[in-house]
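Undergrad: Output the structure for:
(one chain, ligands or ions: 1)
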Amino acid sequence: DVVISPTPVSAASQAGAKVAEAIANNPRLVLGVATGSSPLGIYEYVRREIEENGLDVSGITCFALDEYVGLPEDHPESYHRVVAATVTEPWGLKPEQVHVPAGNTGNPRQAALDYDQAIKDAGGVDLQIVGIGGNGHIGFNEPGSSLGSRTRVKTLHPRTREDNARFFDGDMNAVPIHCVTQGIGTILDAGSVVMIASGEAKADAIAKMVEGAVSSNCPASALQLHPHVFVYIDDAAAADLQ
Ligand code: F6R
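TA: Below is the predicted model:
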């Protein structure tokens with residue numbers, strides 16, 4: 001399903017309502033969370049549902065998509081910190097309800113294997129929230145990633161490091177070079193996927209994802225193979241759809 005809304009705020013509300021409904025229907029939901037700017041409106045929507053309508057999140061479990069390699073967990077831009085600040089703390093979750101790949105251990109490759117196993121041990125992700133990179137990446141699965149890939153160490157594309165420099169005082173060189181990311185195959189294992197994107201910088205990637213060939217040139221196009229994907233975008237991100 002592709003749901004096009006006039007503004008980023010309305011796209012986030014629609015996506016937020018979908019996530020809140022999934023939590024209400026399954027108090028033990030395993031929720032996959034993304035970082036970056038795109039899902040923040042979803043997290044705020046759910047926070048309001050918790051505060052104003054008593055949505056119960058005490059039994060859910062969260063798994064983040066990815067983490068930088070070599071950034072201390074208490075660095076303000078580590079995804080450990082970002083997920084804590086945008087999901088764990090505002091939603092009042094206990095830290096043990098929330099999992100993020102361990103990117104700062106001596107052995108990130110093993111951490112990646114352990115993370116894939118931890119998701120399986122939790123029964124798999126029921127609903128995965130994803131954003132999309134301007135180059136079509138999901139998680140940090142850059143163009144060329146295997147569509148069957150599992151959680152592993154990857155090198156970030158220079159465009160992604162440029163895009164994310166805004167979180168590091170504009171300094172691309174401060175953005176780590178490697179990451180641990182759920183694979184495309186790992187993401188496709190989720191019961192359903194909610195994608196959120198807005199702005200013209202995403203329009204080309206959205207068109208390739210929805211209408212292009214399934215190809216590792218646009219990793220998000222692999223979502224065409226999944227039976228339950230809900231794409232929430234604003235008019236600007238929808239601009240290149242036929
Ligand atoms: C984040 C992630 C990335 C982002 C994507 C879009 O955990 O895995 O794929 O979702 O880079 O980022 P924003 O939303 O900042 O444009």
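Undergrad: For the rest of this, base every contact and every neighbour count on C-alpha atoms.
TA: Noted.
Undergrad: partners of residue 5 in the sheet?
TA: Following DSSP bridges, residue 5 is listed with bridge partners residue 234.
Undergrad: pLDDT (mean, whole number) over the helix ranked longest in the chain?
TA: Longest helix of the chain, by residue count under DSSP state H: helix 8-25. Mean pLDDT, helix 8-25: 98.
Undergrad: any idea how far the helix or strand that comes right after that helix is from the chain center?
TA: Sequence order places strand 30-33 as the next helix or strand after helix 8-25, per DSSP states H and E. Strand 30-33 sits 9 Å away from the centroid of its parent chain (CA atoms, centre = their mean, to the nearest Å).
Undergrad: So the next helix or strand after strand 30-33, near the ligand or not?
TA: Moving toward the C-terminus from strand 30-33, the next helix or strand (DSSP H and E) is helix 40-53. No - contact of helix 40-53 with the ligand is not found when judged by CA under 6 Å from any ligand atom; the minimum separation is 8.3 Å.
Undergrad: can you check stretch 176-186 too?
TA: No - judged by CA under 6 Å from any ligand atom, stretch 176-186 and the ligand are separated, with a smallest distance of 7.4 Å.
Undergrad: picking that back up, buried sites along the longest helix of the chain?
TA: 8, 10-20, 22-23 (16 or more other CA atoms under 10 Å).
Undergrad: Go through the helix or strand of the chain with the lowest mean pLDDT and flag the buried ones.
TA: Scoring the helices and strands of the chain by mean pLDDT, DSSP states H and E places helix 158-164 at the bottom, with a mean of 92. Buried residues in helix 158-164, counted by 16+ other CA under 10 Å: 160-162, 164.
Undergrad: Give the next helix or strand downstream of it.
TA: Counting by DSSP H and E, what follows helix 158-164 is strand 178-181.
Undergrad: what packs against that next one?
TA: strand 66-68, helix 108-121, strand 152-155 (3 or more CA pairs under 8 Å, 6 or more residues apart in numbering; DSSP states H and E).
Undergrad: Please produce TSV containing those, extended by mean pLDDT, distance to residue 226 and mean neighbour count.
TA: Formatted as TSV, the helices and strands packed on strand 178-181 follow (pLDDT from 0 to 100; distance: least, CA to CA, whole Å; neighbours: other CA atoms under 10 Å):
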stretch	mean pLDDT	distance to residue 226	mean neighbour count
strand 66-68	97	20	28
helix 108-121	97	18	17
strand 152-155	97	21	21
